[in-house]
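>>> next comes the sequence, and after it the predicted model I'd like to discuss.
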Amino acid sequence: MNVTEHPVAQLVAAFREAGVRFRREEPLARYTTVGLGGPAELLAFPTSTEEMLAAVRLANELEVPSRVLGGGSNLLVSDQGVRGVVIHTGAMKIVRFESGGEIEAEAGAHFPGLVRAAVSRGLRGLEGGVGIPGSIGGVLAMNAGAFDFSVGQWVERVTVVSPQGEKLELPRQRIDFCYRASSFGDDLVVAHCRLKLGEDDPRAIRADMDRQMTIRRTSQPVGVKSAGCIFKNPPGESAGRIIDALGLKGLRVGGARVSEVHANFIVHEGEATASDVLALIEQIKEKVFRETSIDLQEEVRRWS
């Protein structure tokens, strides 16, 4: 490799040699649930843990900044996009159901599909998360949840990739899951996981799942572009209730609007920019702090 070459150009050559698929200057809006975001300088598509290891290691060796993208929920990418390489797990989606309620799943496996497949097999535990979008890797990294459900409690083991491209096997005892966060942080990338669920009558589990979905459909916006919940709930409070009580439902900046269904959601109505959403977030935070002295913490992640 020519050492005077730009590091990203070197990474392109290294990806070609390693057989890792990629695209250059690929718009990220099509990979996020809110449908916003500028291009990734380089977007890689590993198809296995081994290719992910190679992609992370090569980026580290060439000192090219790297990030990992799963289902693109709870993510707001700037209109200018991001430099370096984004590693997209969408092609890593193998799921295996084993005996004793155990499930092996690659990071890119679609979480809602995984939930429904588990329920159909009489496996109890994930049904409370039926409406959570995204991939299992992102869901684990954020310990995503809804109502009384959090995914971390069902984890048995997680395979992660270090910033140096090393594979690490972490048993549940070595992972800290807390409210909408985990000990993986920004350094460890989820590549694969093993879950262990309980067993029950599929009809009973499906009934519970359907009840959860009914609650979600009536209390949260569905069928629209959004990044999910924008703010974490303050201790003993609901961010959505606080925002609603201040009359902020329907507040708009450009093509971004606070949902009338649930005030902790910002919906993209087709003409929005990421800057519109960010401006709306700041308006909400300022109003809430001014009126209640509560400093809302964002659940949505920002990429710039």
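Sure, I can see it.
>>> and the helix or strand hosting residue 68, which strands flank it?
In this structure, residue 68 sits in strand 66-69 according to DSSP states H and E. For strand 66-69, the paired strands and their directions (DSSP bridges) are strand 82-88 (parallel).
>>> for the strand it pairs with, which positions count as buried?
Residues 82, 84-88 are the ones in strand 82-88 that count as buried (16 or more other C-beta atoms under 10 Å). Any C-beta I mention is one placed from the backbone N, CA and C, and that applies to glycine too.
>>> next structured bit after it?
strand 95-97.
>>> can you point out the buried residues in that next one?
Across strand 95-97, burial judged by 16+ other C-beta under 10 Å covers 95, 97.
>>> name the residues that touch it?
The contact list for strand 95-97 (C-beta atoms under 8 Å, 6 or more residues apart in numbering) reads 103-106, 109, 114, 117-118, 121, 123.
>>> of these, which belong to strands?
If you go by DSSP state E, the contacts of strand 95-97 have 103-106, 123 in strands.
>>> format these as CSV; extra columns: neighbour count and pLDDT.
Below are the ones in strands among the contacts of strand 95-97 laid out as CSV (neighbours: other C-beta atoms under 10 Å; pLDDT from 0 to 100):
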residue, neighbour count, pLDDT
103, 24, 98
104, 17, 98
105, 25, 98
106, 24, 98
123, 24, 98
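>>> ok, those vs residue 203, which is closest?
Ranked by distance to residue 203 (C-beta to C-beta), these are led by residue 123 at 13.2 Å.
>>> quick check, that closest one in contact with residue 198.
Yes - using C-beta atoms under 8 Å, residue 123 is in contact with residue 198, at 7.1 Å.
>>> what sits in contact with each of the two?
With C-beta under 8 Å, 6+ apart as the test, residue 123 and residue 198 both reach residue 101.
>>> coming back round to it: now distance to residue 22 too, for the buried residues of strand 82-88, in a markdown table please.
Below are the buried residues of strand 82-88 laid out as a markdown table (distance: C-beta to C-beta, whole Å):
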| residue | distance to residue 22 |
| --- | --- |
| 82 | 14 |
| 84 | 12 |
| 85 | 8 |
| 86 | 10 |
| 87 | 9 |
| 88 | 9 |
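>>> list just the nearest of those to residue 6.
residue 84 (11.7 Å).
>>> for that closest one, which non-adjacent residue is closest in space?
residue 65 (3.3 Å; C-beta to C-beta, 6 or more residues apart in numbering).
>>> pLDDT score assigned to the one you found?
On the pLDDT scale, residue 65 is placed at 96.
>>> thinking it is in contact with residue 56, fair?
No - Residue 65 is beyond contact range of residue 56, at 11.5 Å (criterion: C-beta under 8 Å).
>>> and residue 153, how far from residue 178?
Distance of residue 153 to residue 178, given as C-beta to C-beta, to the nearest Å: 12 Å.
>>> ok, the residue nearest to residue 84 - contacts?
Residue 65 neighbours (C-beta under 8 Å, 6+ apart): 59, 83-85.
>>> and the furthest pair within these?
So, those by C-beta to C-beta: farthest apart are 59 and 83, at 12.0 Å.
>>> next one: the strand holding residue 68 to chain centre, how far?
Here the centre of strand 66-69 is set off from its chain's centre by 11 Å, with C-alpha atoms, centre = their mean, to the nearest Å.
>>> with stretch 15-33 instead?
For stretch 15-33, the distance to the chain centre is 17 Å (C-alpha atoms, centre = their mean).
>>> same check on stretch 260-270?
18 Å.
>>> now do the same end-to-end measure for it.
17 Å (C-alpha to C-alpha, to the nearest Å).
>>> next: stretch 175-186.
End to end - C-alpha to C-alpha - stretch 175-186 spans 14 Å.
>>> and for stretch 162-173?
End-to-end distance (C-alpha to C-alpha), stretch 162-173: 18 Å.
>>> list the buried ones in that stretch?
Buried residues in stretch 162-173, counted by 16+ other C-beta under 10 Å: 165, 170, 172.
>>> wait, a strand at the first one?
No - counting by DSSP: H, G, I helix; E, B strand; the rest coil, residue 165 is not part of a strand but coil.
>>> kind regards, and thank you for your time.
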